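[1] I would like to see how this sequence folds:
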Amino acid sequence: MIFDTHTHVHFPLYDKDRDDVIKRAQKVGVKMICVGTQAATSKLAIGLAKKYPNDIWATVGFHPNHLSENWYHDRKEQKEPVREKFDVKKLGELAKDSKVVAIGECGLDYYRLTDASREDHVKNQKEAFSEQIKLAESLGKALMMHTRPSAGSDDAYEDTLEILRENPISVPKINHFYVGSLTVTKKLLEAGFYFTFGGVITFSRDYDTILNYIPLDRIMLETDAPYVAPEPHRGKRNEPAYIIETAKHLAELRGESIEKIAEQTTKNALQVFKITI
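    The predicted structure is shown next:
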């Protein structure tokens, strides 16, 4: 068994063959967490988790980019739901469902912000993030963070640390699709964070040092499907079954067996998300 801790197979890009995608994952022993990006997609994730109760779990959250009008304009080809306003009460009601194992993805994304709009967008992102941090703590569910800094910077990670100092929580904190430097990685480890990695590590050497530095008991695997498929599927629509390739690469990089990688990263996921199988 191996756990894909962050996937979006509930998105419209899988509408034509979703059950087949899930069957391929089942065939290779992959369990998964479908991650919400706003109320509509969170509700879809819960519905899919109920349809496959032994294989799929869900999260409820509001992605920082969904606070921006430009995000919806740029993503029309993805057929994602129409724009919603951030409503933490609505998210909170959804998050009470027993199939929901985390709040998120939520956090800070500074990568596309321009100087003209940066101050307002950062303020809005921080406010929405803080509300979801409080929600995670109140429900006792893990916090799944989307944190993307400005190019060549750790700024979003540093701001995340500051916000969590102001809003201390006892639930697990997960850095989805981690891209931080070694310097900020040390700070995040000291603060008790977990880190997830996906297909990009199979074709980019930028992650090698970090992947060897972080203890294996703080690492989990993900696909972020439909995005960023690993080699040898690069350029295709990603899917949970492909997580095997990411696990193989991590094993080779760390000089460990794929069995150990699968066992420990799955153990981490079960503990962090309080899942019993």
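[2] drop to CA atoms for contacts and neighbour counts, all remaining ones
    Will do.
[3] Need the CA coordinates for stretch 225-242. PDB is fine.
    Extracted as PDB, the C-alpha positions of stretch 225-242 are listed here (Å, rounded to 0.1, in the frame of the first residue of the first chain):
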ATOM      1  CA  ALA A 225      -3.000  15.100 -10.100                       C
ATOM      2  CA  PRO A 226      -3.900  16.200 -12.700                       C
ATOM      3  CA  TYR A 227      -0.800  18.300 -12.600                       C
ATOM      4  CA  VAL A 228       3.000  17.600 -12.900                       C
ATOM      5  CA  ALA A 229       3.100  13.900 -13.900                       C
ATOM      6  CA  PRO A 230       6.400  12.100 -13.100                       C
ATOM      7  CA  GLU A 231       8.700  10.500 -15.500                       C
ATOM      8  CA  PRO A 232       8.000   8.500 -17.700                       C
ATOM      9  CA  HIS A 233       4.500  10.100 -17.900                       C
ATOM     10  CA  ARG A 234       5.700  13.700 -18.000                       C
ATOM     11  CA  GLY A 235       3.400  15.900 -20.100                       C
ATOM     12  CA  LYS A 236       0.400  13.700 -19.600                       C
ATOM     13  CA  ARG A 237      -2.500  14.100 -17.300                       C
ATOM     14  CA  ASN A 238      -1.300  12.900 -13.900                       C
ATOM     15  CA  GLU A 239      -3.100  10.200 -11.900                       C
ATOM     16  CA  PRO A 240      -2.700   8.500  -8.500                       C
ATOM     17  CA  ALA A 241      -1.300   5.300  -9.900                       C
ATOM     18  CA  TYR A 242       1.800   7.200 -11.100                       C
END
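[4] List the buried residues of that stretch.
    Using 16 or more other C-alpha atoms under 10 Å as the test for burial, stretch 225-242 gives 225, 226, 227, 228, 229, 230, 231, 238, 239, 240, 241, 242.
[5] Could I get the average pLDDT for that stretch?
    The average pLDDT within stretch 225-242 is 98.
[6] Give me the contact list for that stretch.
    4, 6-9, 13, 21-22, 24-26, 28, 30, 32, 198-203, 222-224, 243, 245-246 (C-alpha atoms under 8 Å, 6 or more residues apart in numbering).
[7] could you redo the last one with a cut-off of 7 Å?
    The contact list for stretch 225-242 (C-alpha atoms under 7 Å, 6 or more residues apart in numbering) reads 4, 7-9, 21, 24-25, 28, 30, 199-200, 202-203, 223, 245-246.
[8] Could you list which of these belong to helices?
    21, 24, 25, 245, 246 (DSSP state H).
[9] Save those as a markdown table, and put in neighbour count too.
    Below are these laid out as a markdown table (neighbours: other C-alpha atoms under 10 Å):
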| residue | neighbour count |
| --- | --- |
| 21 | 16 |
| 24 | 15 |
| 25 | 22 |
| 245 | 20 |
| 246 | 23 |
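[10] Just give me the closest of those to residue 56.
    Nearest to residue 56 among those is residue 25, at 10.6 Å by C-alpha to C-alpha.
[11] Please name the nearest non-neighbouring residue to that closest one.
    residue 241 (4.4 Å; C-alpha to C-alpha, 6 or more residues apart in numbering).
[12] Look at the one you found and give its secondary structure.
    helix (DSSP: H, G, I helix; E, B strand; the rest coil).
[13] Any figure for the gap between it and residue 202?
    15 Å (C-alpha to C-alpha, to the nearest Å).
[14] Could you do residue 175 as well?
    19 Å.
[15] With neighbour numbers in mind, choose between those two.
    residue 175 (24 against 21; other C-alpha atoms under 10 Å).
[16] Shouldn't residue 101 be within a helix?
    No - going by three-state DSSP, the assignment for residue 101 is strand, not a helix.
[17] Check whether it really touches residue 58, as I assumed.
    Yes - between residue 101 and residue 58 there is a contact at 6.1 Å, judged by C-alpha atoms under 7 Å.
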